[in-house]
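Trainee: Take this sequence and fold it.
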Amino acid sequence: MLLALAITLLAACDSPNVITWETASEVDTAGFNIYRGPTEEGPWTQINESLVPPSDDPVQGGQYEFTDEEAEPGETYFYLLEEVELSGAVNRFPPQRLERRSAMPNWLWWVTGAAVAVLLGWWLGGRLARTTREA
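Mentor: Next up, the predicted model:
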């Protein structure tokens, strides 16, 4: 049974979501499962292929990191951590929200598009005026 748990979720631009957690004790822990869902209520999909093994020192606990390579940019996900005990009992911890951001925020795409449109209009306008003067 876990005596203490701290879960941290990280997401950088265009990189996978990284789920990290730390335990203070893992006496009788067989391992961990990580689930991903679209909402806080699920539905939940297990994203680890096999149990994440427990710490070598169950009294001291451990630090863990799991990378979700399948998370899509711009999507919000909820992650749920499950401790599986040697007896087969499970302890689920409250879901944590994480949004994977794309490399460039949507507002920046709009500003970039508008700037390109203005510059293109200015350039084409100058070419058109030059063509008219030469004719």
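Trainee: Quick check: mean pLDDT of stretch 35-44?
Mentor: For stretch 35-44, the mean per-residue pLDDT is 94.
Trainee: Next, the buried residues of it.
Mentor: 35-36, 44 (16 or more other CB atoms under 10 Å). For every residue, glycine as well, the C-beta is placed using N, CA and C.
Trainee: Over to stretch 75-92?
Mentor: Applying 16+ other CB under 10 Å to stretch 75-92 flags 77-85 as buried.
Trainee: and those residues as a markdown table, adding pLDDT?
Mentor: Listed next are the buried residues of stretch 75-92 as a markdown table, based on pLDDT from 0 to 100:
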| residue | pLDDT |
| --- | --- |
| 77 | 89 |
| 78 | 89 |
| 79 | 90 |
| 80 | 91 |
| 81 | 92 |
| 82 | 94 |
| 83 | 92 |
| 84 | 95 |
| 85 | 93 |
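Trainee: among the buried residues of stretch 35-44, which are in strands?
Mentor: 35-36 (DSSP state E).
Trainee: Just give me the closest of the buried residues of stretch 35-44 to residue 50.
Mentor: Nearest to residue 50 out of those is residue 35 (CB to CB; 14.1 Å).
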